[in-house]
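Colleague: Kindly generate the corresponding structure for this input.
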Amino acid sequence: MKIAVIGLGYWGPNLLRNFLAISELEVLGCEKDRKRLEKIKEMLPSASYITDYNALLNDNDLKAVAIATPVGSHYSLTKEFLENGKDVFVEKPMTKSSREAKELIKIAEEQNAILMVGHIFEYNDAVLKIGELIKGGEIGDVQYITSTRVNLGIHRKDANVLWDLAPHDFSILFNWLDSDPVSIATTAKESIVNGIPDVAFIQATFPSGMIADIQVGWLAPSKIRETVVVGSKKMIVYDETNPQEKIKVYDSGVEIEDPHDYGEFLLSYRSGAIHSPTISTREPLRTEMNHFVECIRERKKPRTDGFNALRVIKAVEMAEESRMKKKMITI
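Modeller: Numbering: from 1, shown residues only. This is a model prediction of the structure:
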């Protein structure tokens with residue numbers, strides 16, 4: 001089966017590398033920057049390479065493409081390849097508007113094509129394990145979630161920090177909670193480049209009353225990837241940067257004891273054992289690429305399909321609207 005990766009900048013070579021590790025695939029890389037292409041050829045010589053993606057559109061041997069180009073080109077490229085009967089994997093965000101996302105979903109359905117989006121954390125074993133703990137009731141009712149996703153990172157020209165980083169957090173939340181926010185309030189700041197916010201604080205409220213507080217930023221002294229989940233029974237800390245103990249489950253909490261006198265209440269604080277579940281060390285991207293190939297071969301719905309992408313895009317749109325209007329947005 002022949003698959004092409006379009007865009008070999010920051011992330012594309014990782015897609016290429018993982019496709020090359022899957023048996024019975026003929027892998028092609030496409031990059032218009034010839035200097036960049038020569039470097040990738042040296043790194044990954046077992047793939048074939050071209051500079052013009054248009055040559056792929058009518059390639060009858062080509063079954064699918066993976067798109068890792070700048071965000072602004074995701075919609076047009078995905079549309080072209082779907083309309084030419086190719087299955088498509090596209091990195092997040094799939095589009096920069098829910099209108100465009102709905103159009104791509106419709107085209108994929110009409111063409112009976114696979115449309116999958118790169119929400120990589122939904123293939124991350126640590127994230128999936130936390131989802132099991134939440135859905136299994138081990139931590140009780142989720143009270144609130146905080147997430148910090150910051151680093152001294154790349155200031156992108158085609159997407160602000162909301163579109164670049166917040167899709168990760170929204171996709172994780174939706175995977176865990178299977179619920180969409182009813183309101184979002186965002187505060188953001190343009191610290192370096194005018195017109196492109198590089199730090200944002202998002203507060204999302206869900207139908208259950210659960211609150212998620214998300215901080216994303218490209219302007220921080222160190223890389224922090226930490227999520228805290230507070231339940232009525234237990235609490236979880238997920239540290240993506242910790243190679244040994246990515247998840248810690250705290251048997252901690254607070255309970256109200258029966259009052260002894262009128263107007264009196266007592267709080268009982270519980271601080272029990274800390275447990276760190278064993279998590280597989282397999283690469284999430286390898287799992288994600290294997291899933292895409294499996295969906296192509298078996299013609300089955302991807303775990304992160306177009307509808308999965310649409311709900312994330314809608315949430316980012318709400319966050320963006322809140323930033324622009326400087327007020328909470330509700331549905």
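Colleague: Buried residues, stretch 282-302. List them.
Modeller: 283-293, 295-296, 302 (16 or more other C-beta atoms under 10 Å). (C-beta placed from N, C-alpha, C; glycine too.)
Colleague: So which helix or strand of this protein has the lowest pLDDT on average?
Modeller: Least confident helix or strand, the chain: strand 266-275 with a mean of 80, by mean pLDDT, DSSP states H and E.
Colleague: Kindly tell me how buried residue 85 is, as a neighbour count.
Modeller: The number of residues packed near residue 85 is 14, by other C-beta atoms under 10 Å.
Colleague: List the contacts of it.
Modeller: By C-beta atoms under 8 Å, 6 or more residues apart in numbering, the residues touching residue 85 are 111, 113.
Colleague: cutoff 10 Å now
Modeller: 57-58, 60, 62-63, 111-113 (C-beta atoms under 10 Å, 6 or more residues apart in numbering).
Colleague: Now tabulate the buried residues of stretch 282-302 in TSV and tack on secondary structure, pLDDT and distance to residue 105.
Modeller: As requested, the buried residues of stretch 282-302 are exported to TSV (DSSP: H, G, I helix; E, B strand; the rest coil; pLDDT from 0 to 100; distance: C-beta to C-beta, whole Å):
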residue	secondary structure	pLDDT	distance to residue 105
283	coil	96	28
284	helix	97	24
285	helix	98	24
286	helix	97	26
287	helix	98	24
288	helix	98	20
289	helix	98	22
290	helix	98	23
291	helix	98	19
292	helix	98	17
293	helix	98	21
295	helix	98	15
296	helix	98	18
302	coil	98	12
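Colleague: what packs against the top helix by length along the chain?
Modeller: Longest helix in the chain, counting residues (DSSP state H): helix 306-325. Packing partners of helix 306-325 (3 or more C-beta pairs under 10 Å, 6 or more residues apart in numbering; DSSP states H and E): helix 74-83, strand 87-91, helix 98-111, strand 115-118, helix 161-177, strand 183-189, strand 199-205, strand 329-330.
Colleague: from those, which stretch is densest packed?
Modeller: strand 115-118 (a mean of 28; mean count of other C-beta atoms under 10 Å).
Colleague: Buried residues of the next helix or strand after it, list them for me.
Modeller: Next along the chain after strand 115-118, taking DSSP states H and E as the criterion, comes helix 125-135. For helix 125-135, the neighbour count (16+ other C-beta under 10 Å) marks 125-131, 133-134 as buried.
Colleague: Find the pair from those with maximum spatial separation.
Modeller: Within those, 125 and 134 form the most distant pair, 15.0 Å apart (C-beta to C-beta).
Colleague: Which one of the helices and strands packed on helix 306-325 lies nearest to residue 276?
Modeller: It is, among those and with distance given as C-beta to C-beta, helix 161-177, at 18.7 Å.
Colleague: As a markdown table, the helices and strands packed on helix 306-325 with mean pLDDT and distance to residue 154 would be great.
Modeller: Conversion of those to a markdown table gives the following (pLDDT from 0 to 100; distance: least, C-beta to C-beta, whole Å):
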| stretch | mean pLDDT | distance to residue 154 |
| --- | --- | --- |
| helix 74-83 | 98 | 17 |
| strand 87-91 | 98 | 14 |
| helix 98-111 | 98 | 24 |
| strand 115-118 | 98 | 17 |
| helix 161-177 | 97 | 8 |
| strand 183-189 | 98 | 17 |
| strand 199-205 | 98 | 14 |
| strand 329-330 | 96 | 28 |
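Colleague: Closest one of the buried residues of helix 125-135 to residue 170?
Modeller: Out of the buried residues of helix 125-135, the member with the shortest distance to residue 170 (by C-beta to C-beta) is residue 127, at 12.7 Å.
Colleague: pLDDT at the closest one, what is it?
Modeller: At residue 127, the pLDDT value in this model is 98.
Colleague: Can you tell me, leaving aside adjacent residues, what's nearest to it?
Modeller: residue 121 (4.9 Å; C-beta to C-beta, 6 or more residues apart in numbering).
Colleague: so who does residue 10 touch?
Modeller: Contacts of residue 10 (C-beta under 10 Å, 6+ apart): 68, 70, 154, 156.
Colleague: Dihedrals phi and psi, it?
Modeller: Main-chain torsions, residue 10, degrees, to the nearest 10: phi -70, psi -50.
Colleague: so who does the residue nearest to residue 288 when sequence neighbours are not counted touch?
Modeller: Excluding the flanking residues, the one nearest residue 288 by C-beta to C-beta, 6+ apart is residue 123, at 4.3 Å. When contacts are counted by C-beta under 10 Å, 6+ apart, residue 123 touches 282-291, 303-304.
Colleague: how about 8 Å then?
Modeller: 284-285, 287-288, 291, 303-304.
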